[in-house]
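> sharing a model that was predicted from the sequence below.
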Amino acid sequence: MIREALIADAGAVIALWHACGLTRPWNDPAQDFARALAGETSTVLLAEGEGGVAGSVMIGDDGHRGWVYYLAVAESARRTGLGRQLMAAAEDWLRARGCPKIQLMVRDTNAEALGFYAALGLEPQGVVTLGRFLKD
């Protein structure tokens, strides 16, 4: 069953993100999790398995597009369809809010993730993502 995460789920979800190699030193996953749950236009969905959190996805509606972050499936739950279920739940959540399009970013070196998303019908968008860190 997929449900919206609670603050009490933070430790288990963040541990999964770390185990799946989704975190980076410049992103604070605890802060990302807390902000997603605190916002009216974002959340974290999770799926529980026998050993605890088996998968999760963070989603948000920026008012123009729906975004997907931190899609993670525990090693023991891979190749079971859980990733597809989480993406379907994310799409349903965004669709219910009127998002016309779903977007996500994948590192160009992550061939496994790129293959997964391609199998779901997501395509490269022909844009370049630019960014910089905001300083206090």
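Everything's here; your move.

> OK, contacts around the closest residue to Ala74 other than its chain neighbours?
Closest residue in space to Ala74, ignoring its immediate chain neighbours: Ala54 at 5.0 Å, by CB to CB, 6 or more residues apart in numbering. For the C-beta atoms, the positions are set from N, CA and C on the backbone; glycine is no exception. Ala54 makes contact with 47-48, 73-74, 76-77, 82, according to CB atoms under 8 Å, 6 or more residues apart in numbering.

> now Ala54: how far from Leu6?
Per CB to CB, to the nearest Å, Ala54 is found 16 Å from Leu6.

> how about Arg24?
Distance of Arg24 to Leu6, computed by CB to CB: 25 Å.

> do Thr109 as well
Separation of Thr109 from Leu6 (CB to CB): 33 Å.

> who has more neighbours, the two?
For Thr109 versus Leu6, neighbours defined as other CB atoms under 10 Å are more numerous around Leu6 (11 against 7).

> start and end of stretch 36-53, how far apart?
This stretch, stretch 36-53, spans 17 Å end to end (CA to CA, to the nearest Å).
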